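Chemist: Provided below for reference: sequence and predicted model.
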Amino acid sequence: MVIVKAGKLPEVGGKIFVITHRRDFDGVSSAAQLFRKYGNSVKKVLFANYDDKAFRSAINTLMHERPKDSTVIITDLSAQDHRVEAIKSVLKRLKKSGNRIIWLDHHPWSWYALSNIAELADFVVAGENKDQCASELVFTELCSDDKVCRRLSELAHITDFNLLPRTVSEDAMLRKISSVITYLDTESKSAYAKMVRVTKEVSGGRLNGKQTNSAYMEYKASERENMKALKATMCALASRKFKIGIAFADNLQTNFASSKISELTGSKIQIFVTTKDGSAHVRSFYGIDCSMLSKALGGNGHPQASGFQVSKARFSNFSKLGRLRYAEMVRRAAARVYKTGFARV
């Protein structure tokens, strides 16, 4: 699908409400830029994910605020087809109260979703963008006069497209902030409050500040047990072309977990499953499009970084038997997508 711009960018005024992706630095960077640009006008930042529960929670919280003559900015989240009618209902209510709606996203959208949302939002940029992440769209459309915002969008590009950082210090900084985002990716009120504080800190250009370091220490305290779980649950699927490595743990930084899976299985596609919510984080080496696999399993993403979501209950909360069934699901999907047979090794 091509990238589409629809509508005219409205004047950003009144109170500002932001809904952004909670699971990665791209979403946090998007919100941080808006904090930096609009300051105290940002009334609330709401973090959502692609699972229905988290997305619905963010929307319900927004409507509870009863915004009027305000600006609602949604970023780094696509309108999935099964949610379109519910989203339309919310957008109609927002428009009726005089609110302006801006939606900036770089993931694939269906024409059905795009055409329906574009009818109601004032300004939409959507469609699979292989050159810019959501943070870069926020910078281009809303924050292009700020050097710190430019830097944040550049760093988000590195993380979102699974590229190599330019320096050792940049790599360490991005690993730390990504670990913190992973650790705070829960529905708890305390995690939400910490995520907001971290986001405000990032808006000042500080990815290594007091709030980030405090949350990082909490993450590191849990890392050892999670690494044990990762190693204990690891398996691989092999074909004549390449291997797919799969492992499970409650809470690990995605790229760190993926690198361990790659190292221990020799895989070119890595699937790290976060057992706390059933989200699968999929990474691949250059030349292999892992988003094809994610899409086949109901997800979305980019060639080297994508993901999908499953019900924990469907796989017995990832018990031993559940993990075997999960690997079989991936094996069948991979065989269809990559046109080659895979066997568990």
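Modeler: Received it, and whenever you're ready, just let me know what you need.
Chemist: Would you agree residue 68 is in contact with residue 96?
Modeler: No: proximity of residue 68 to residue 96 does not meet the contact threshold set by C-beta atoms under 8 Å, at 9.7 Å. Every residue, glycine included, has its C-beta placed from N, CA and C.
Chemist: what about the two, which has more around it?
Modeler: residue 68 (12 against 9; other C-beta atoms under 10 Å).
Chemist: Now do the same contact list for the residue lying closest to that one once chain neighbours are set aside.
Modeler: What sits nearest to residue 68 in space, not counting adjacent residues and going by C-beta to C-beta, 6 or more residues apart in numbering, is residue 97, at 4.6 Å. Residue 97 sits next to 66-69 when contact means C-beta atoms under 8 Å, 6 or more residues apart in numbering.
Chemist: Next one: residue 97 from residue 65, what distance?
Modeler: 11 Å (C-beta to C-beta, to the nearest Å).
Chemist: least trustworthy helix or strand in this structure by mean pLDDT?
Modeler: Lowest on mean pLDDT, DSSP states H and E among the helices and strands of the chain sits strand 300-301, with a mean of 85.
Chemist: and it, what other elements does it pack with?
Modeler: Packing partners of strand 300-301 (3 or more C-beta pairs under 8 Å, 6 or more residues apart in numbering; DSSP states H and E): helix 291-296, strand 305-309.
Chemist: Buried deepest among those, which one?
Modeler: strand 305-309 (a mean of 24; mean count of other C-beta atoms under 10 Å).
Chemist: Contacts for the least confident helix or strand of the chain, please.
Modeler: By C-beta under 8 Å, 6+ apart, the residues outside strand 300-301 that reach it are 50, 78, 107-108, 282, 290-291, 294-295, 306-308.
Chemist: again, but for stretch 114-122
Modeler: With C-beta under 8 Å, 6+ apart as the test, stretch 114-122 has contacts from 4, 6-10, 79, 84, 87-88, 91-92, 95, 100-103, 124, 126-127.
Chemist: do that again at 10 Å, thanks
Modeler: By C-beta atoms under 10 Å, 6 or more residues apart in numbering, the residues outside stretch 114-122 that reach it are 1, 4-11, 71-72, 74, 78-79, 81, 84-85, 87-92, 94-95, 99-103, 105, 109-110, 124, 126-127.
Chemist: what about stretch 336-345, distance to the chain center?
Modeler: 27 Å (C-alpha atoms, centre = their mean, to the nearest Å).
Chemist: and if you look at stretch 245-258?
Modeler: 15 Å.
Chemist: So which bits of that stretch are buried?
Modeler: Neighbour counts over stretch 245-258 (16 or more other C-beta atoms under 10 Å) mark 245-249, 251-258 as buried.
Chemist: now stretch 214-233
Modeler: 215-216, 219, 223, 226, 229-230, 233.
Chemist: Please flag which of those residues sit within helices.
Modeler: If you go by DSSP state H, these have 215-216, 219, 223, 226, 229-230 in helices.
Chemist: now the helices for the stretch 201-345 of the chain?
Modeler: Counting by DSSP state H, counting those that start in this stretch, the stretch 201-345 of the chain has helices at residues 210-232, 254-265, 291-296, 320-338.
Chemist: okay if I get those as TSV plus distance to residue 167?
Modeler: TSV is the format used below for the helices of the stretch 201-345 of the chain (distance: least, C-beta to C-beta, whole Å):
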stretch	distance to residue 167
helix 210-232	18
helix 254-265	16
helix 291-296	28
helix 320-338	35
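Chemist: nearest to residue 57, of those?
Modeler: Closest to residue 57 of these is helix 210-232 (C-beta to C-beta; 20.9 Å).
Chemist: For that closest one, give me every contacting residue.
Modeler: With C-beta under 10 Å, 6+ apart as the test, helix 210-232 has contacts from 173, 175-177, 179-184, 191, 194-202, 206, 208, 247-253, 256-257, 260-261, 264, 272-275, 318.
Chemist: Could you pull up the mean pLDDT of stretch 220-230?
Modeler: For stretch 220-230, the mean pLDDT works out to 94.
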